[in-house]
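pasting a predicted model and its sequence here:
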Amino acid sequence: MDPLPNDPAAPASAPPAAPPKAQRPPALWRNRDYRWWLSTDTSTGLGRALHNFAVPLLALYVTGDPAQAGIVAAIGQVGRLVATLPGGVLADRHDRRRLILLGTASGVLVATALAAFQYTGLLGFWLLTALNLLMNVRSGLFDGVPNAALKAVVEPRSLGSAMSANQGRDAVVSLAGGPVGGVLLVIGHAVPFAATALLNVFGLLSVLRVRADLRPRRDAADAAGATGPGGAGKPAGHDGGTSTTRAGYLREAWEGFAWLLHRPELRGVMAISTIVNLGMNAAVTSVVFGLQQRGESPATIGVATACVGVGMLAGAVLAPPLVRRVPTGWLGAVGLAACSGAVAVLPFVHTVPAICVVLGASMFAAPAINASLLGYFTVAVPTHLLGRANSALDLLAMGAVPLAPLVAGFGYAAWGWTGVLALCAGICGIAVVLAFCTRRLLAIPASDRWEDHAAANAREAALRR
């Protein structure tokens with residue numbers, strides 16, 4: 001009730017009410033749904049790390065030939081890429097909780113089959129190739145679904161923190177994957193796959209505890225800000241809307257590509273990601289092949305690859321303040337230069353301790369790069385397009401990755417340690433040059449201005465159409 005005019009305690013005129021302060025989003029670790037989401041994503045990610053570590057070494061044991069081992073890994077990567085676009089469409093059509101359940105259940109089945117066939121001694125080149133292909137197709141279809149669901153689990157203002165935390169999680173997974181995989185291989189060649197099956201069971205149980213609605217809805221912010229093909233005028237239903245249901249898979253998949261192609265600040269990022277992922281993956285795979293061929297034990301190789309996780313974990317500690325304070329574009333470009341510089345040292349080191357140090361250094365900047373660029377990407381993409389846009393970005397960024405084991409296998413056979421790693425360093429160097437020459441990338445600001453920058457680019461994209 002307003003004070004009476006003759007009330008001596010009342011001021012002559014009431015001052016205008018102060019604008020309410022914007023409420024801070026709840027602390028990330030107090031978000032129950034985020035904790036269970038992270039539990040699901042971590043357990044399945046660790047299972048994937050164990051599988052990816054064990055398969056190349058098991059292929060080397062089965063075939064004795066780095067080139068054939070590279071073929072096994074490359075075929076699996078091609079299968080993952082082929083399945084990525086349908087996976088994005090599924091993530092935008094259907095309940096993402098059910099898709100995660102289906103993905104973890106199928107992971108249990110394939111990993112159990114790998115363990116059983118290896119234990120009975122029936123796992124030869126062709127059977128290993130087929131089962132690894134199945135596991136990678138499963139990854140292409142379902143591994144991107146948790147990322148598409150993240151926006152329903154945390155508030156937009158928490159996405160930068162969530163991405164930084166995820167990078168720390170990825171570092172721990174990478175750190176654990178090598179040593180744990182090496183130890184499990186020493187116990188028995190079937191054991192890493194049995195562990196992968198158990199981890200997928202845990203992921204399945206964890207996602208059941210998430211209370212948030214993970215169905216792909218289109219909210220008001222998306223309706224106002226979506227631009228580009230497929231970005232406007234589509235009502236959303238619980239399974240992606242009736243118009244989505246009627247559209248063909250190819251058309252829906254193309255909407256993710258078209259959205260990316262109409263965003264000028266992201267086009268350069270796609271090309272740079274493709275090149276640097278090829279160089280970095282080929283370098284790590286070359287190190288694994290080289291150490292195995294000179295007779296190092298699986299445990300030693302596991303420790304060496306774990307140093308990738310050590311570098312990422314150290315970098316993840318610095319990622320949150322860097323994402324908040326440093327412009328995203330410059331953070332990405334300078335970080336790429338640091339990663340590529342470390343890879344350029346690899347051809348000249350040969351002892352295991354030196355290799356460990358350089359591998360760790362090569363990944364030190366990766367968490368900040370990934371958290372900033374992926375955080376901006378997640379803010380910019382409309383919720384109803386997240387699955388397809390993520391799958392399009394994955395396909396473009398990882399499109400050359402199937403070449404990595406081939407570069408490593410055939411390159412090591414032809415040029416040895418120094419030659420193949422020098423080639424990998426040269427590939428990474430091309431990405432660095434492109435990053436510093438891409439003005440749109442360098443213009444992306446720090447995280448507190450992501451929404452404004454994304455909105456400005458959305459308006460520009462709309463005017464150009």
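Arrived safely.

please count neighbours and contacts with C-alpha atoms only from this point.
OK.

Asp143 contacts Leu101, doesn't it?
No. Using C-alpha atoms under 8 Å, Asp143 is not in contact with Leu101; the gap is 11.1 Å.

now do the buried residues in stretch 428-436.
For stretch 428-436, the neighbour count (16 or more other C-alpha atoms under 10 Å) marks Cys428, Gly429, Ala431, Val432, Leu434, Ala435, Phe436 as buried.

so the last one touches Gly335, yeah?
No. Using C-alpha under 8 Å, Phe436 is not in contact with Gly335; the gap is 11.1 Å.

if we can go back for a sec, switch the buried residues of stretch 428-436 over to TSV; also include distance to Ala414, pLDDT and secondary structure.
Output for the buried residues of stretch 428-436, formatted as TSV (distance: C-alpha to C-alpha, whole Å; pLDDT from 0 to 100; DSSP: H, G, I helix; E, B strand; the rest coil):
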residue	distance to Ala414	pLDDT	secondary structure
Cys428	20	92	helix
Gly429	22	93	helix
Ala431	24	91	helix
Val432	26	93	helix
Leu434	29	91	helix
Ala435	31	91	helix
Phe436	33	93	helix
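
residues in contact with the helix or strand hosting Ala389?
Using DSSP states H and E, Ala389 sits in helix 386-397. Here helix 386-397 makes contact (C-alpha atoms under 8 Å, 6 or more residues apart in numbering) with 81, 84-85, 87-92, 144-145, 148, 252-253, 255-257, 259-260, 270-275, 277, 378, 381.

pull out the buried residues from those.
Looks like those have 81, 84-85, 87-92, 144-145, 148, 252-253, 255-257, 259-260, 270-275, 277, 378, 381 buried, using 16+ other C-alpha under 10 Å.

show me what contacts Leu114?
By C-alpha under 8 Å, 6+ apart, the neighbours of Leu114 are Leu123, Leu128, Leu131, Ala190, Phe193.

for Arg267, see how far away it is.
39 Å (C-alpha to C-alpha, to the nearest Å).

next: Ala435.
Distance from Ala435 to Arg267, by C-alpha to C-alpha: 11 Å.

got it, and Ala319?
24 Å.

who's more crowded, those two?
Shown here are Ala319 and Arg267; by other C-alpha atoms under 10 Å, Ala319 has more neighbours (28 against 16).

excluding its backbone neighbours, what's nearest the more buried one?
Closest residue to Ala319 apart from its sequence neighbours, by C-alpha to C-alpha, 6 or more residues apart in numbering: Ala368 at 4.4 Å.

ditto for Ala342
Ser362 (4.8 Å).

ok, now which ones touch the one you found?
Contacts of Ser362 by C-alpha under 8 Å, 6+ apart are Val308, Gly311, Ala338, Cys339, Ser340, Gly341, Ala342, Val343.

from these, which land in strands?
Judged by DSSP state E, the subset of these located in strands is empty.

any chance of those in JSON lines, with pLDDT, distance to Ala212 and neighbour count too?
Shown next, in JSON lines, are these (pLDDT from 0 to 100; distance: C-alpha to C-alpha, whole Å; neighbours: other C-alpha atoms under 10 Å):
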{"residue": "Val308", "pLDDT": "81", "distance to Ala212": "34", "neighbour count": "25"}
{"residue": "Gly311", "pLDDT": "86", "distance to Ala212": "34", "neighbour count": "25"}
{"residue": "Ala338", "pLDDT": "93", "distance to Ala212": "39", "neighbour count": "18"}
{"residue": "Cys339", "pLDDT": "92", "distance to Ala212": "37", "neighbour count": "25"}
{"residue": "Ser340", "pLDDT": "93", "distance to Ala212": "40", "neighbour count": "26"}
{"residue": "Gly341", "pLDDT": "93", "distance to Ala212": "43", "neighbour count": "18"}
{"residue": "Ala342", "pLDDT": "93", "distance to Ala212": "42", "neighbour count": "18"}
{"residue": "Val343", "pLDDT": "93", "distance to Ala212": "42", "neighbour count": "26"}
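
just the contacts of Leu114: which has the poorest pLDDT?
In terms of pLDDT, the lowest of those is Leu123, showing 84.

re the thing from before, can you pull the contacts of the residue nearest to Ala319?
Ser164, Gln167, Gly315, Ala316, Leu318, Ala319, Pro320, Leu322, Val323, Leu331, Gly332, Gly335 are the contacts of Ala368 under C-alpha under 8 Å, 6+ apart.

keep only those of these that are in helices.
Among those, the members falling in helices (DSSP state H) are Ser164, Gln167, Gly315, Ala316, Leu318, Ala319, Pro320, Leu322, Val323, Leu331, Gly332, Gly335.

pLDDT score for the nearest residue to the fifth one once chain neighbours are set aside?
Here the nearest residue to Leu318 in space, its sequence neighbours aside, is Ala368; by C-alpha to C-alpha, 6+ apart that works out to 7.4 Å. Model confidence at Ala368, given as pLDDT, is 87.

quick check: chain neighbours aside, which residue is closest to Gly315?
Phe364 is the one closest to Gly315 (C-alpha to C-alpha, 6+ apart), at 4.6 Å.

distance of that neighbour relative to Leu101?
33 Å.

now Leu441
Distance from Leu441 to Leu101, by C-alpha to C-alpha: 36 Å.

one more: Arg325?
Arg325 is 38 Å from Leu101, by C-alpha to C-alpha.

so between the two, which is more surrounded?
Each of Arg325 and Leu101 has its neighbours counted (other C-alpha under 10 Å); Leu101 has more, 20 against 13.

for the more buried one, give me its contacts.
For Leu101, the contacting residues are Leu204, Val207, by C-alpha under 8 Å, 6+ apart.

isn't Ile301 up against Val288?
Yes. Here Ile301 reaches Val288: they are 6.4 Å apart, a contact under C-alpha under 8 Å.

and the two? which has more neighbours close in?
When Ile301 and Val288 are compared on other C-alpha under 10 Å, the one with more neighbours turns out to be Ile301, at 25 against 21.

who's in contact with the more buried one?
Here Ile301 is in contact with Gly178, Pro179, Gly182, Val288, Leu291, Gln292 (C-alpha under 8 Å, 6+ apart).

just the ones of those in strands?
Under the assignment DSSP E, those contribute nothing to strands.

reformat these as a markdown table; add distance to Gln77 and pLDDT.
As requested, the contacts of Ile301 are exported to a markdown table (distance: C-alpha to C-alpha, whole Å; pLDDT from 0 to 100):
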| residue | distance to Gln77 | pLDDT |
| --- | --- | --- |
| Gly178 | 19 | 70 |
| Pro179 | 23 | 73 |
| Gly182 | 22 | 78 |
| Val288 | 17 | 87 |
| Leu291 | 22 | 89 |
| Gln292 | 21 | 82 |
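
buried stuff in the host helix or strand of Thr305?
Per DSSP H and E: Thr305 is located in helix 298-325. Residues 298-320, 322-324 are the ones in helix 298-325 that count as buried (16+ other C-alpha under 10 Å).

about what we covered before: between the contacts of Ile301, which is closest to Gly399?
The shortest approach to Gly399 among those belongs to Val288, at 21.5 Å (C-alpha to C-alpha).

ok, the closest one - contacts?
Counting by C-alpha under 8 Å, 6+ apart, the residues that Val288 touches are Ile301, Thr305.

and it, how far from Ile272?
In terms of C-alpha to C-alpha, Val288 sits 25 Å off from Ile272.
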